[in-house]
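Enquirer: kindly return the folded structure for what I paste below:
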Amino acid sequence: MADRKGSSGVSSRLTVRRKEKAENDAKKEEKSPTEAEKPEVNGKEAPMENGEAGAAAADGEKPEPIELPPFEIITGDRMDPFFFKFQFKNVEYSSGRNKTFLCYLVDHGGDGLMRGYIEDEHASGHAEEAFFQQILTNYDPACKYTITWYMSSSPCATCATKLAEILRSRKNIRLAVFSARLFEWEEPEIQAGLKLLASVGCKLRMMKPLDFTYTWDTFVESDEQQFTPWEDCQENYEYYQDKLADILQ
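Expert: Residues are numbered from 1 along each chain as shown. A predicted model of the protein is given here:
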């Protein structure tokens, strides 16, 4: 069955910049917020450079924060292997992983299998909503859709509610969501959102080691290199799957 590839132009142009950012996030992962915000010199907080204190205290005003440009939703065919190994790693505490990667397969029995991935920066919209706005643009109520998502983390409460509304109104869509990690699973609103998704027929499951291998082969620029799961991949899958089962029972 032929594939319909997504647009990869924007993704390729931003690969270097985003990879540098991800590498910096990975280096900071082991530091606590205090360590990251307060550099130390010989065990003491480093003094401010000349001019910094004066500029901050001038006229009693606080320095204005730097306004960064908003990040866009990125779509493509295959992602950089570094992003996959960092963003999809099913660790319990996801420090530095402040975005969502969503790999999708869409079978609607007509023009073959659509596949690709979406990446967001949690700025203006999330990957789940962007899928229906930017990928499934030619939705046909007369067709039956089987959609599979492999996500770096499960949907937030807001996205879960929106997805439930879409599945209620589009009875011809069958959605399965396989997640590497559970997003803030201890929060009551997150648990309620996952239960709501399950109640409208969405299949929810954590990614198994075989799912990581499949995603690597299908959605990553692997240069034919084989994927080797990290040491605790199976253990972390079982941990998250137990948590999800407790939520959905």
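Enquirer: low-confidence ranges in the chain?
Expert: Low-confidence regions of the chain, defined by pLDDT under 70, span residues 1-74, 76-77, 94-98, 121-124.
Enquirer: helices of that one, start to end?
Expert: 9-28, 33-37, 52-57, 81-87, 127-130, 157-169, 188-199, 209-219, 233-248 (DSSP state H).
Enquirer: next, the angle from the last one to helix 188-199.
Expert: Spelled out, that is helix 233-248. With axes from the mean of the first three to the mean of the last three CA atoms, to 10 degrees applied, the angle from helix 233-248 to helix 188-199 works out at 90 degrees.
Enquirer: now do helix 233-248: which elements does it pack against?
Expert: helix 188-199, strand 203-206, helix 209-219 (3 or more CB pairs under 8 Å, 6 or more residues apart in numbering; DSSP states H and E). Quick note: C-beta positions are derived from backbone N, CA and C, even for glycine.
Enquirer: can you name the residues that contact E92?
Expert: R181, N236, Y239 (CB atoms under 8 Å, 6 or more residues apart in numbering).
Enquirer: that one and K171: what is the separation?
Expert: 37 Å (CB to CB, to the nearest Å).
Enquirer: likewise Y139?
Expert: For Y139, the distance to K171 - CB to CB - is 13 Å.
Enquirer: who's more crowded, the two?
Expert: Y139 (14 against 11; other CB atoms under 10 Å).
Enquirer: N172 is in contact with the more buried one, correct?
Expert: No. Here Y139 does not reach N172: they are 9.1 Å apart, not a contact under CB atoms under 8 Å.
Enquirer: identify the contacts common to these two.
Expert: Y145.
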